[in-house]
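In: Provided below for reference: sequence and predicted model.
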Amino acid sequence: MQLTKEEITHIAELSRLDLSPAEIEKYRSQLGSILDYVAMLDEVQTNGVPPTAQVSGLMDVFREDVVKPWNQEEVEAALSQSERENGNVKVKRVLQ
Amino acid sequence: MKEKMVMLKLSAFYSNYPMNLNELTIKKARILLDSGETSSLALTEACLAQIKALDGEINACLTVCSAEAREAAKEADKRLQEGEKGALLGIPYLCKDNFMTKGIRTTAASKILENYIAPYDATVVQKLKAAGAVMLGKTNLDEFAHGASTENSAFGPTKNLHDLTRVAGGSSGGSAAAVAADMCLFAIGSDTGGSVRQPASFCGVVGLKPSYGRVSRFGLLSMTSSTDVVGPITKTVADAALVLEVIAGQDELDATSAPEKIITALQKNIINAKAQSLAGLRIGLPREYFLPELNPEVRERIMAVAAKLKAAGAEIKEVSLPYTKYGIPVYYIITPSEISSNLARFDGIAWGLKDKTAKNLQELYKKSRGAGFGPEAKRRIMLGTYALSAGYYEAYYKKAQTVRTLIINDFNQAFKQVDLLLTPTAPHGAFKIGDKSNDPLAMYLEDIFVTGASLSGLPAISVPAGNVKVKDGSDMPLGAQLIAPRFQETTLLKVAEFLV
C-alpha cells in the first residue's frame, strides 16, 4: 500500500507536524510498508469478539469531584517555560 | 542473637571480598550498610566514580546529579545512624529519563524537552525518595521510549558494555547498560512493549515488568497508557523483588493502579528461602515462540533453562498461543494510536520547545512539534493519527482492539494448563548500532516475544540465560523470559530466583 503525497500531507496536518518535502517522501514509503504489514490482521475472524481498551481489571474508578490544592511552588515551576500574563498562560490568538 | 552472628559473619565475608562498592547487589550492600561497615555516601561516591570513568564511552546517563545525590546519601546515612531499617535505605540508583524528577532535568531523550525541569516527582520517584534510595541521575532511552535500541535518543545511542559497537537494547537501554556497567546498584525503567525486558536481555541483567497497574504510572511520561508499566532493572532477581516491594501499590493519582497487594512477603519468601524443589509447578513452552526459524542457539539456551526447571521437579509442557503472530501488528496499531493522543500535549505553549517565529497558533503547533520531535516519534504520531482518523478507525484501531482480546484469551487458556510460561526474551543477542535504524519495521519485529505480555497486562521477567553467538562479533548475552498470570509476581520471582 502506497500513500499518496496528499494523504501524507493531510495526516501531517492532522498531527500538527511541520514536515520537510524529504520527510514527506520518507514517511510516505515507511508508513506504506508498516500499513502493509499490519494488514495481516484482516485475515483474523473477529465477528462477535469484544474490543479490549484496557487491562487494569478495574471498572468505574470513582472519586469525589473536588478540586484539591496542589503545591503552588510546583504549579509555578510547571508553567515556568510558558509566556504568562496576570498569572495566566498566554496563547496566540485562536481566531484570526 | 543468632541472627546477629550470621550477619556479622556475612559482613566479614563481604568486606574481605575483593569487590568495589558499586559492584554490590542491593542485598549485599544492605548488609554492609546495616552493619555500619560502609556508608551510603561511600556507595554513592563509588557509583559516581564509575559513571565518570565509563559513561563517556557508554552514554547511559543523560543527567548526573552528583550534588543532589551526595546530599541524599548524607541524609540516608543520618537515618541509618538513627537505627532506621529499610530495604533501599542508602542504596544509589539511576532513573530512566521519562520519569518526572522534581527540580531535575527530565528530557524523555527528546529535543522538545531538552531544557525541561520537572516540577514534581513521579510517584515511583517519591516512593524511592521516602525509602531513602539515592538518585544518581537520569538514564538514556529511545525518545519518549519509542524503540528497541536507544538509537532513537536525541542525545546519541547507549552502547552495550559487552561490545561497544552494539546497542544496549531499548527503550530502557541506558538503565540496563548502567546496571550492567555497575554505575548504580539498580535502575528504574518503563516497559510498554518489552522496554525493560529486551535491554535486560541484551545487557545480561535482570529486568522485571510487573502486572499492569501494579506500580503507579503517575509522573511517568505517558506513551501507551494501556500498556505502560514501571519496572526495575537489577543485578539479581532478589534485588528486583526488593525494589518492586517499595514501588508497588495503589495510588490515587493513577486511577488504573491496582488495589491488589503483593500477598506473600517477598523479602521473607524469596530473599531468604531459595526454592529447593519445584515439584508441582507446571511450566509451559508456547509452541509459537519456538518456530523452526528460531536461532538454534537461542532455542538451546532456553531449553537448558527448561531442563534446569525440570531437574528441580517442575513439569514442562508444550502449550499453544495461536494468536502470537498478531502481537506485533496489534501492538503497532494500538501503541501509535495512544502515542498520537498522549503526545498532543506537546504544543509549544505551556512547556517544552517553542518556535519563536510562528505567526499564529496553528503555525506554533506545527513548527514547535516539527522541530522538537525526532523521526520515530513523528512516525508514530502520524501512524496513530491515521489509524484513528475518520474512515480508518474501524479498520485499524477497532480491529486491533478485538485481536488484542484474542491474544489475551490465548494467555487465559494457557494459564489453565500451566503456572508460568518460558520463552526467549529476544530472538538474538544485541545487534550492531546502525543495523536496523533505517528500517522501522525491522526494529518493530525486535519486540516479537515481548508484546504479548504487555498487551495482556501480565507480569514477566527476563533473566540472563547465557551467551549466544552474534554476526561479526563475540558472544552476547541472552535473556530467558518467564510470564505469569496477572498479579502472580511472587511465583514469577520465586522461579526466576531459582534459575540464577
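Out: Thanks, I have the structure now. None of the values given here were measured: they were computed from a predicted structure.
In: how far away is B:Ala306 from chain A?
Out: As judged by CB to the nearest CB, to the nearest Å, B:Ala306 and chain A stand 28 Å apart. C-beta coordinates here come from the backbone N, C-alpha and C atoms, glycine included.
In: Distance check, the residue sitting nearest the centre point of chain A against B:Pro336.
Out: The centre of chain A sits closest to A:Ser15, judged by CA atoms, centre = their mean, with a distance of 7.4 Å. Going from A:Ser15 to B:Pro336 by CB to CB, to the nearest Å gives 11 Å.
In: Pull up the overlap in contacts between the two.
Out: Common neighbours of A:Ser15 and B:Pro336 (criterion: CB atoms under 8 Å, 6 or more residues apart in numbering or on different chains): B:Ile381, B:Met382.
In: which SSE is the closest residue to chain A within the stretch 51-200 of chain B in?
Out: Of all residues in the stretch 51-200 of chain B, the one sitting closest to chain A is B:Pro119 (3.6 Å; CB to the nearest CB). Counting by DSSP states H and E, there is no helix or strand that carries B:Pro119.
In: neighbours around it, how many?
Out: Neighbour count of B:Pro119, defined by other CB atoms under 10 Å in any protein chain shown: 20.
In: My guess is it contacts B:Ile104. True?
Out: No. With contact defined as CB atoms under 8 Å, B:Pro119 does not reach B:Ile104; the gap is 10.6 Å.
In: And B:Phe346, its phi and psi?
Out: With angles defined as degrees, to the nearest 10, B:Phe346 sits at phi -90, psi 90.
In: What about it, how many residues nearby?
Out: The number of residues packed near B:Phe346 is 25, by other CB under 10 Å.
In: Pull the distance from the helix or strand hosting A:Leu31 to the chain's centre.
Out: Per DSSP H and E: A:Leu31 is located in helix A:21-38. Centroid separation between helix A:21-38 and its chain, computed with CA atoms, centre = their mean, to the nearest Å, is 18 Å.
In: again, but for stretch B:421-434
Out: Chain-centre distance of stretch B:421-434: 15 Å, with CA atoms, centre = their mean.
In: buried ones in that stretch?
Out: B:421-433 (16 or more other CB atoms under 10 Å in any protein chain shown).
In: Now secondary structure too, for those, in a markdown table please.
Out: Converted to a markdown table, the buried residues of stretch B:421-434 look like this (DSSP: H, G, I helix; E, B strand; the rest coil):
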| residue | secondary structure |
| --- | --- |
| B:Leu421 | strand |
| B:Leu422 | strand |
| B:Thr423 | strand |
| B:Pro424 | strand |
| B:Thr425 | coil |
| B:Ala426 | coil |
| B:Pro427 | coil |
| B:His428 | coil |
| B:Gly429 | coil |
| B:Ala430 | coil |
| B:Phe431 | coil |
| B:Lys432 | strand |
| B:Ile433 | coil |
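In: quick check, B:Ile188 in a strand?
Out: Yes. Assessed with three-state DSSP, B:Ile188 lies in a strand.
In: Assign a three-state SS to the closest residue to B:Tyr393 other than its chain neighbours, would you?
Out: Among residues not flanking B:Tyr393 along the chain, B:Ala387 sits closest, at 7.4 Å (CB to CB, 6 or more residues apart in numbering or on different chains). Of the three states, B:Ala387 takes helix according to three-state DSSP.
In: so what's B:Ala387 up against?
Out: B:Ile333, B:Pro336, B:Ser337, B:Tyr393, B:Tyr396, B:Tyr397, B:Ala400.
In: I figured B:Lys96 hits B:Thr139, correct?
Out: Yes. If you go by CB under 8 Å, B:Lys96 and B:Thr139 touch, sitting 5.1 Å apart.
In: ok, back up a step: so for the residue nearest to the centre of chain A, what's the nearest residue that isn't a sequence neighbour?
Out: Once flanking residues are discounted, A:Ser15 sits nearest to B:Thr385: 4.5 Å by CB to CB, 6+ apart.
In: Same question for A:Gly32.
Out: Nearest non-adjacent residue to A:Gly32 (CB to CB, 6+ apart): A:Gln2, at 4.8 Å.
In: So which bits of stretch B:70-86 are buried?
Out: Buried residues in stretch B:70-86, counted by 16+ other CB under 10 Å: B:Arg70, B:Ala72, B:Ala73, B:Glu75, B:Ala76, B:Asp77, B:Leu80, B:Gly86.
In: typed the wrong thing, it's stretch B:29-42
Out: Residues of stretch B:29-42 classed as buried: B:Ala29, B:Arg30, B:Ile31, B:Leu32, B:Leu33, B:Asp34, B:Ser35, B:Thr38, B:Ser39, B:Ser40, B:Leu41, B:Ala42 (neighbour count, 16+ other CB under 10 Å).
In: tell me the two of the residues you listed that are most distant?
Out: Greatest spatial distance among the buried residues of stretch B:29-42 (CB to CB): B:Ile31 and B:Leu41, at 17.3 Å.
In: quick one: contacts for B:Gly280?
Out: B:Gly280 touches B:Gly313, counting by CB under 8 Å, 6+ apart.
In: got any residues that touch both of B:Lys96 and B:Thr139?
Out: With CB under 8 Å, 6+ apart as the test, B:Lys96 and B:Thr139 both reach B:Ser172, B:Gly174, B:Ser175, B:Ala187, B:Gly189.
In: Between those, identify the one with the most neighbours.
Out: Of all the shared contacts of B:Lys96 and B:Thr139, B:Ser175 has the most neighbours under the rule other CB under 10 Å, reaching 41 neighbours.
In: re earlier: now the buried residues of stretch B:70-86 in CSV, with distance to chain A?
Out: Below are the buried residues of stretch B:70-86 laid out as CSV (distance: CB to the nearest CB, whole Å):
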residue, distance to chain A
B:Arg70, 23
B:Ala72, 19
B:Ala73, 25
B:Glu75, 20
B:Ala76, 24
B:Asp77, 28
B:Leu80, 29
B:Gly86, 25
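In: Adding pLDDT, write the residues you listed out as JSON lines.
Out: Formatted as JSON lines, the buried residues of stretch B:70-86 follow (pLDDT from 0 to 100):
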{"residue": "B:Arg70", "pLDDT": "98"}
{"residue": "B:Ala72", "pLDDT": "98"}
{"residue": "B:Ala73", "pLDDT": "98"}
{"residue": "B:Glu75", "pLDDT": "98"}
{"residue": "B:Ala76", "pLDDT": "98"}
{"residue": "B:Asp77", "pLDDT": "98"}
{"residue": "B:Leu80", "pLDDT": "98"}
{"residue": "B:Gly86", "pLDDT": "96"}
